[in-house]
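A.B. asks: Turn this into a structure:
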Amino acid sequence: MSELKLEYAEALSKIVNKAFKAEILSEKRSRENVDARRVFCFILRNESNTSTSIGDFLKKDHATVLHYIRTFKGLIDSDSSFRERYDDCLKLYLVAKNRIKGIEVDTEEVTFLKETVRMLKKDIAILNIEKDWLKTEGRRLLTINKGWNSKNRGIYEVINVRTKPGTEELIQKKLNTLFNGVYSEEIKAF
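C.D. replies: Residues are numbered from 1 along each chain as shown. Okay, the predicted model is just below:
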């Protein structure tokens, strides 16, 4: 590899492979692999790398690299999804390149993303605590409401609305007396 820095090419290949769910060093000519190679070649060629050095990394000849670059230009104008993935790859590559150089650059966007990640981690921790509480509360309510039957909701509502505080035991006895008259056997509910 004449001019191409191997560590930059490897970093970019990982980024492009992940963005396109592809494998640029594969012999397969699926759309994902070819699009990933196009982005890879275009980014490295814009950094003044030769098509031969890029081709050596990809195990392709320089003419194939030139073809990828030419077709890149038409595709970037016509395919918005391709453009978005290219933009993402370029941003990630510039960050990776600076890290390789030993430069930690916190652009406004990187700072925003770091703060967003920090806030999301905090939100996740809070949600996990709430989830655990809801599980416990759900088990508790299931235990309390084992006798609850939704078809009797109207009866429960009438009893809740019409029962004055302190008269619960009296109402329970009256209901039991009522139901003993409805059913042939005596059932004690209190």
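A.B. asks: and the helix or strand where Lys97 lies, what's its mean pLDDT?
C.D. replies: According to DSSP states H and E, Lys97 maps onto helix 80-101. Across helix 80-101, the average pLDDT comes to 89.
A.B. asks: can you check stretch 67-75 too?
C.D. replies: So the average pLDDT for stretch 67-75 ends up being 94.
A.B. asks: Alpha carbons only: can I get it in PDB?
C.D. replies: Once non-C-alpha atoms are left out, stretch 67-75 reads as follows in PDB (Å, rounded to 0.1, in the frame of the first residue of the first chain):
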ATOM      1  CA  HIS A  67     -15.800   3.000 -11.400                       C
ATOM      2  CA  TYR A  68     -17.000   3.100  -7.800                       C
ATOM      3  CA  ILE A  69     -16.100   6.800  -7.500                       C
ATOM      4  CA  ARG A  70     -17.900   7.700 -10.800                       C
ATOM      5  CA  THR A  71     -21.100   5.800  -9.900                       C
ATOM      6  CA  PHE A  72     -21.000   7.300  -6.400                       C
ATOM      7  CA  LYS A  73     -21.600  10.700  -7.800                       C
ATOM      8  CA  GLY A  74     -24.800   9.700  -9.600                       C
ATOM      9  CA  LEU A  75     -26.100   7.700  -6.600                       C
END
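A.B. asks: pLDDT weak spots in the chain?
C.D. replies: 1-4, 103-107, 147-148, 182-190 (pLDDT under 70).
A.B. asks: Can you tell me the centre-most residue of it?
C.D. replies: Nearest residue to the geometric centre of the chain (Cα atoms, centre = their mean): Leu120, 11.6 Å.
A.B. asks: Toward the C-terminus from the longest helix seen in the chain, list the very next helix or strand.
C.D. replies: In the chain, taking DSSP state H as the definition, the longest helix is helix 108-144. Going down the chain from helix 108-144, the next helix or strand is helix 153-162, by DSSP H and E.
A.B. asks: Put the alpha carbons of that next one into PDB.
C.D. replies: The C-alpha trace of helix 153-162 is given here as PDB (Å, rounded to 0.1, in the frame of the first residue of the first chain):
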ATOM      1  CA  ARG A 153     -68.200  -4.100  38.400                       C
ATOM      2  CA  GLY A 154     -71.700  -2.400  38.600                       C
ATOM      3  CA  ILE A 155     -72.400  -4.000  41.900                       C
ATOM      4  CA  TYR A 156     -69.000  -3.000  43.300                       C
ATOM      5  CA  GLU A 157     -69.500   0.600  42.200                       C
ATOM      6  CA  VAL A 158     -73.000   0.800  43.800                       C
ATOM      7  CA  ILE A 159     -71.600  -0.600  47.100                       C
ATOM      8  CA  ASN A 160     -68.600   1.700  47.000                       C
ATOM      9  CA  VAL A 161     -70.700   4.800  46.300                       C
ATOM     10  CA  ARG A 162     -73.600   4.000  48.700                       C
END
